[in-house]
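A.B. asks: kindly generate the corresponding structure for this input.
(one chain, ligands or ions: 1)
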Amino acid sequence: MTALTRDDFLALDAADELAPFREQFVLPDDVIYMDGNSLGVLPRTAAARVQDVVTREWGQDLIKSWNSADWINLPQRVGALIAGLIGTDAANVVAADSTSINLYKLAAAALRMQAPRRKIITELGNFPTDLYVLQGLAEYLDVELVAVPRDQILDVVDEDTALVSLTHVHYKTGVMFDMPSVTKAVQAKGALMLWDLCHSAGALPVRLEDCNADMAIGCGYKYLNGGPGAPAFLYVAARHQAAVQPPLSGWMGHARPFDFTDVYTPAAGITRNLCGTPGVIAMSILEESLKIFAKVDLSLLRKKSQHMGQQFMQLIEQECATYGFTIVSPWDNDMRGSQVSLGHDEGYAIMQALIARGLIGDFRAPEVLRFGLTPLYLRYQDLWDAVAILRDVMESGVWNQEDYKRRSAVT
Ligand SMILES: Cc1ncc(COP(=O)(O)O)c(C=O)c1O
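C.D. replies: Got it, this is the predicted structure:
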């Protein structure tokens, strides 16, 4: 194989149909941002939107804005924009709460729908909040949670299984489940299938309807660029919506919240999954970002992301072969999400040294350096420059300093 050069990467940028989207985001100088899978960057129009929401809609129009600015329908409006990214209709998605809370709500509803089945199955090593929420729920409802390695999941689904809850793209390794075949196998045993799309929505085309998925959840602050702590979303297949009995039966999920009746009557459709008042400012930012996605061809996005992954891994092998890294993410494009993860025993210190040099990724204990590929604003030349920084940090040994070994609260 001929060696890759920086000119190859510049040529790829010049031919990149998605390149103009970079202008829609704020990117600080002297930073290569490969952490959009943890916290996406700021959409260029977001600050003006916040300014307008705060000064005019709130400051001047005050409570009238619930109607005049349609604040009340933000969860459905934002949900409709997300629906297009995950392969379903507007009527099946709402933006609300956090991913953790949405998981609790849907998993609890699924257990109720599936009684007397009393088992939940998930992956050992799933994202911790998924495990913790399901552990808490299982204890609370006195049902059984079974967490097994990914290759054993389908073997343990049985006639007592109410729900299988999996993360589509693994947060640490980037390995993907085959959503259609897993969903089909789970449903063949009479269980419901819930997908966590935190590392999928906005990163690759998701086809929930084509896969016949039952439920899904996901977050707004990673690939969707909704800002720190952005609202999350949830999906329930149309065929199940009337059967969902919300465990958090708040007034925003009521059929007629402004009748102020004493008795809870769930709204028809997906709206019953709302609980309390939406965070208007945060939802407005997420809506702003999603307007950009409405113009994106997701198949092009996926193609660029897969190509970037290949190029990045190839460059690491070319430039950093002697520094003890293992490539943790799969080489197979169809099995990898939109990230590349490297393993290294000194991963934490190395990542801190990279961040000090302007290459921002993140570290996932115990040994993974994680690099997010966000094709709307990451350039091929950034991949070249990122690997040059990595090689330099390793070659000089600059990572090996006490400062870089001291752990911060957030890694
Ligand atoms: C797969 C997955 N699920 C859930 C979460 C986080 O959930 P929350 O937004 O409730 O903190 C993350 C965050 O990184 C994640 O990677």
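A.B. asks: residues of the host helix or strand of residue 153 that come out buried?
C.D. replies: Assigned by DSSP states H and E, residue 153 belongs to helix 153-156. Under the neighbour-count criterion of 16 or more other CB atoms under 10 Å, helix 153-156 has 153, 154 buried. C-beta coordinates here come from the backbone N, C-alpha and C atoms, glycine included.
A.B. asks: can you spell out which helices and strands pack onto it?
C.D. replies: strand 119-123, strand 144-148, helix 179-188 (3 or more CB pairs under 8 Å, 6 or more residues apart in numbering; DSSP states H and E).
A.B. asks: send over the last one as PDB, restricted to the C-alpha atoms.
C.D. replies: Think helix 179-188. Output of helix 179-188 as PDB, limited to C-alpha atoms (Å, rounded to 0.1, in the frame of the first residue of the first chain):
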ATOM      1  CA  MET A 179     -30.300  -3.600  14.200                       C
ATOM      2  CA  PRO A 180     -32.600  -5.500  11.800                       C
ATOM      3  CA  SER A 181     -31.500  -9.000  12.600                       C
ATOM      4  CA  VAL A 182     -31.200  -8.500  16.400                       C
ATOM      5  CA  THR A 183     -34.600  -6.800  16.500                       C
ATOM      6  CA  LYS A 184     -36.100  -9.700  14.600                       C
ATOM      7  CA  ALA A 185     -34.600 -12.400  16.700                       C
ATOM      8  CA  VAL A 186     -35.700 -10.700  20.000                       C
ATOM      9  CA  GLN A 187     -39.200 -10.200  18.700                       C
ATOM     10  CA  ALA A 188     -39.400 -13.900  17.500                       C
END
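A.B. asks: for the ligand, what are the nearby residues on this structure?
C.D. replies: For the chain, the residues in contact with the ligand under the definition CB under 6 Å from any ligand atom are 98-100, 127, 129-130, 167, 171, 196, 198-199, 219, 232.
A.B. asks: in JSON lines: the residues you listed, plus pLDDT, distance to residue 383 and secondary structure.
C.D. replies: Converted to JSON lines, the residues of the chain next to the ligand look like this (pLDDT from 0 to 100; distance: CB to CB, whole Å; DSSP: H, G, I helix; E, B strand; the rest coil):
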{"residue": "98", "pLDDT": "98", "distance to residue 383": "32", "secondary structure": "coil"}
{"residue": "99", "pLDDT": "98", "distance to residue 383": "29", "secondary structure": "helix"}
{"residue": "100", "pLDDT": "98", "distance to residue 383": "33", "secondary structure": "helix"}
{"residue": "127", "pLDDT": "98", "distance to residue 383": "26", "secondary structure": "coil"}
{"residue": "129", "pLDDT": "98", "distance to residue 383": "30", "secondary structure": "helix"}
{"residue": "130", "pLDDT": "98", "distance to residue 383": "30", "secondary structure": "helix"}
{"residue": "167", "pLDDT": "98", "distance to residue 383": "25", "secondary structure": "strand"}
{"residue": "171", "pLDDT": "97", "distance to residue 383": "21", "secondary structure": "coil"}
{"residue": "196", "pLDDT": "99", "distance to residue 383": "27", "secondary structure": "strand"}
{"residue": "198", "pLDDT": "98", "distance to residue 383": "23", "secondary structure": "coil"}
{"residue": "199", "pLDDT": "98", "distance to residue 383": "19", "secondary structure": "coil"}
{"residue": "219", "pLDDT": "97", "distance to residue 383": "25", "secondary structure": "coil"}
{"residue": "232", "pLDDT": "98", "distance to residue 383": "30", "secondary structure": "strand"}
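A.B. asks: how about these in JSON lines, adding neighbour count?
C.D. replies: Output for the residues of the chain next to the ligand, formatted as JSON lines (neighbours: other CB atoms under 10 Å):
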{"residue": "98", "neighbour count": "17"}
{"residue": "99", "neighbour count": "25"}
{"residue": "100", "neighbour count": "18"}
{"residue": "127", "neighbour count": "20"}
{"residue": "129", "neighbour count": "17"}
{"residue": "130", "neighbour count": "24"}
{"residue": "167", "neighbour count": "25"}
{"residue": "171", "neighbour count": "24"}
{"residue": "196", "neighbour count": "25"}
{"residue": "198", "neighbour count": "25"}
{"residue": "199", "neighbour count": "27"}
{"residue": "219", "neighbour count": "23"}
{"residue": "232", "neighbour count": "27"}
